[in-house]
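In: Here is a sequence together with a model predicted from it:
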Amino acid sequence: MSEAVTRTLTSTPGFLASLDPLLREWLPRQRWFAGKGRPVTGFSLVAATELLPADGKLGLYHLLVRAHQSPLPGDCYQFLIGVREALPPRLAPALIGHVDEGPLTGRTVYEALYDPRPAELLLEALRTQARIGGLRFEREPDQEIRPGLVPRVVTSEQSNSSIVYGDTFILKLLRRVVPGVNPDLELPLALAHEGCPRVPAPTAWIRAEQAGEPYVLGVLQPFVQGASDGWELALRELSKGEDFAVEARALGRATAEVHTALARALPTVTLGDAQLELMVDGMLERLDAAAEAVPALRPYAPGLRSAFEALGTLAAEGRTWTAQRVHGDLHLGQCLRSPAGQWWLIDFEGEPAKPLAERRMPQPPLRDIAGMLRSFDYAAHSADPPIPGWAETCRAAYCAGYAEVSGVDPRTDPVLLRACETDKAIYEVVYEARHRPDWLPVPLSAVRRLATDDGTAPPLTSPSSRRPHS
Ligand SMILES: Nc1ncnc2c1ncn2[C@@H]1O[C@H](COP(=O)(O)OP(=O)(O)O)[C@@H](O)[C@H]1O
Ligand SMILES: O=P(O)(O)O[C@H]1O[C@H](CO)[C@@H](O[C@H]2O[C@H](CO)[C@@H](O)[C@H](O)[C@H]2O)[C@H](O)[C@H]1O
């Protein structure tokens, strides 16, 4: 692969302008587009790398493009844009559009991830640790990548985009990119170096440096062959009328293993009154912003506030907590079970909408536990007919599994747990309103429960104490 980028079509005046009308129509329809609900008002090029010149049969551009959504500063997105005279039928789903102005006039542009040749080119660049323009393809010194692995794009609903290579590796290309240390690379690397077997260890990654700021653009990991994710497995058991207690307990153990390793690998801090006040303020601010954005939340705001205020009161009385790096967006879909029955945790990016600095802050581990508890509730809501007590059994088993490894049962801290669950449910209300309005009733039903729960409810082991479909 050539080191220097010799062709400079991307710097030709009008290059991005010619793509503008196509991207404006195509980008908001993408699952991973983070700015849903606000019109895209224009684009600016942050970086462009010509991987294959457009005068060949296949042109290929790696672009970092800022999508403006005035009056807000826009987000920066990563695109791999293919350029062809015409698109073969197998690539029809990848179509972005036909260009009718500027230097690419008459060409067809498309999402090149779907095309084997560009996908192979990325893996080859990682294998050979290439530098192409501003792109740095790097890998762990002791990791090998076999050449010639056959690529296929992952078509499931994702916040980013992934390519699987020969069932050996999976490359996640981040879509919305932000400068700084990305926890989706940082945490799995730290866990791998700590010897934690619950996370696929990063093999290689793509970075860029723009205006002196580092960006992580993609991470290559071993592919867990034949794995099912926790969400699929939970729904399968629900559809058979079965509980999920054995797996929930194993997931609790896996979560505790990851937390224990993260606490060893990265700094922990003690949260006292002042830090808790900041945390509670953040929760209250998110509640206010969510109630502003989603009117259905407003009637519950006072009850939800009480969950956060109760936490503030405990802190004011002198209670302290330990905070550490956590997963940040843990749910059933982020857990993979291999055919041998081992659980793996993936996707350490954190909640995609939060600023990077906030996602990298040490947090009480109960944040992740609350995320998983919410996920059992989501799964229970997908059951038809509902299975009374299903989510409660999962919650109890998960917490028990967590306690077996960590020595700490999350249920012994009900005030913090309720605050974390409430914060998560509020996040979910906003997430669903923005991305999947049909799902909004699921977190809203939790909001109803959490707004009236005073945090002194009996332990979660009693299936009759709370109903998932209330
Ligand atoms: N190491 C892996 N092995 C097997 N499948 C994986 C692996 N990593 C991710 N996946 C699959 O890819 C999907 C998306 O991965 P994820 O990291 O959650 O991306 P996103 O941030 O886009 O949601 C997962 O739901 C899972 O099905
Ligand atoms: O794309 P990510 O996996 O990083 O996470 C986002 O999307 C999730 C949905 O795909 C969303 O999770 C919510 O729905 C799940 C069921 O589809 C449920 O299991 C989770 O508990 C619930 O939070 C997640 O919040 C969002 O960040």
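Out: The structure has been received and is ready for your questions. Ligands and ions are numbered 1, 2, ... in the order given.
In: Leaving out sequence neighbours, find the closest residue to whichever residue of the stretch 1-150 of the chain sits closest to ligand 1.
Out: Taking CB to the nearest ligand atom as the measure, the stretch 1-150 of the chain has Trp32 as its residue closest to ligand 1, at 6.9 Å. Just so you know, the C-beta spots here come from the backbone N, C-alpha and C atoms, and that holds for glycine as well. Distance criterion CB to CB, 6 or more residues apart in numbering; nearest residue to Trp32, sequence neighbours excluded, is Arg175 at 4.1 Å.
In: Which residue ranges of the stretch 251-400 of the chain form strands?
Out: For the stretch 251-400 of the chain, the strands defined by DSSP state E, counting those that start in this stretch occupy 269-271, 321-323, 335-337, 343-345.
In: Quick check: the residue of the stretch 1-150 of the chain closest to ligand 1 touching Ser161?
Out: Yes. Applying CB atoms under 8 Å as the test, Trp32 and Ser161 come out as touching, 6.7 Å apart.
In: So, low pLDDT: which residues of the stretch 151-300 of the chain?
Out: Nowhere does the stretch 151-300 of the chain drop to pLDDT under 70.
In: Show me which residues of it are close to ligand 2?
Out: Contact residues (CB under 6 Å from any ligand atom) of the stretch 151-300 of the chain with ligand 2: Glu157, Ser159, Trp231.
In: what about 8 Å?
Out: Glu157, Gln158, Ser159, Asn160, Trp231 (CB under 8 Å from any ligand atom).
In: which SSE is the third one in?
Out: When elements are defined using DSSP states H and E, Ser159 is found to belong to no helix and no strand.
In: which ones are touching it?
Out: Arg31, Trp32, Arg175, Glu349, Pro352 (CB atoms under 8 Å, 6 or more residues apart in numbering).
In: The second one: what secondary structure?
Out: Following DSSP: H, G, I helix; E, B strand; the rest coil, the label given to Trp32 is coil.
In: any idea how far it is from Ser375?
Out: Distance of Trp32 to Ser375, computed by CB to CB, to the nearest Å: 20 Å.
In: Break down the protein into its helices, ranges please.
Out: 15-26, 116-127, 183-193, 230-239, 245-265, 273-293, 301-316, 356-359, 366-381, 390-406, 414-435, 441-452 (DSSP state H).
In: Mean neighbour count, those: which tops it?
Out: helix 366-381 (a mean of 25; mean count of other CB atoms under 10 Å).
In: Tally up the residues packed near the nearest residue to Arg359 once chain neighbours are set aside, please.
Out: Leaving aside its sequence neighbours, Arg359 sits nearest to Gly350 (CB to CB, 6+ apart; 3.4 Å). Residues lying near Gly350 (other CB atoms under 10 Å) number 25.
In: now swap in the one 4 residues further on and tell me
Out: A total of 17 residues lie near Lys354 under the criterion other CB under 10 Å.
In: Give me the pLDDT for it.
Out: Lys354 is assigned a pLDDT of 88 by the prediction.
In: just to revisit the earlier point, from the contacts of Ser159, which two are the most distant?
Out: Largest separation among those by CB to CB: Arg31 and Glu349, giving 15.0 Å.
In: Give me the distance between the residue nearest to Phe308 when sequence neighbours are not counted and ligand 1.
Out: Closest residue in space to Phe308, ignoring its immediate chain neighbours: Met283 at 4.5 Å, by CB to CB, 6+ apart. In this view, Met283 and ligand 1 are 24 Å apart by CB to the nearest ligand atom, to the nearest Å.
In: Met283 reaches Lys424, doesn't it?
Out: No. Assessed by CB under 8 Å, Met283 is found out of contact with Lys424, at 10.2 Å.
In: For His193, see how far away Ser338 is.
Out: Going from Ser338 to His193 by CB to CB gives 22 Å.
In: on that earlier part again, spit out the contact partners of the residue nearest to Arg359.
Out: By CB under 8 Å, 6+ apart, Gly350 lies in contact with Pro183, His327, Gly328, Asp329, Arg359, Arg360.
In: Closest one of those residues to Phe223?
Out: For these, the nearest to Phe223 is His327 (19.9 Å; CB to CB).
In: and the closest one, what does it touch?
Out: Leu187, Thr255, Val258, Gln334, Leu345, Phe348, Gly350, Asp368, Gly371.
In: for Leu189, same thing?
Out: Leu189 touches Ala201, Pro202, counting by CB under 8 Å, 6+ apart.
In: try Gln78
Out: Taking CB under 8 Å, 6+ apart, one finds His62, Leu63, Leu64, Leu173, Leu174, Arg175, Val177, Leu217 in contact with Gln78.
In: Apply 10 Å and report the result again.
Out: Contacts here follow CB atoms under 10 Å, 6 or more residues apart in numbering; on that basis Gln78 touches 32, 46-47, 62-65, 160-161, 173-177, 206, 208, 215, 217-218.
In: out of those, which are inside strands?
Out: Counting by DSSP state E, the part of the contacts of Gln78 found in strands is 46-47, 62-65, 161, 173, 176-177, 206, 208, 215, 217-218.
In: Narrow those to just the buried residues.
Out: Neighbour-count burial (16 or more other CB atoms under 10 Å) applied to those gives 46-47, 62-65, 161, 173, 176-177, 206, 208, 215, 217-218.
In: Surely Glu101 and Gly14 touch.
Out: Yes. Between Glu101 and Gly14 there is a contact under CB atoms under 10 Å: 7.4 Å.
In: joint contacts of those two?
Out: With CB under 10 Å, 6+ apart as the test, Glu101 and Gly14 both reach Asp20.
In: ok, back up a step: state the distance from the residue nearest to Arg359 to Leu187.
Out: On the measure of CB to CB, Gly350 and Leu187 end up 9 Å apart.
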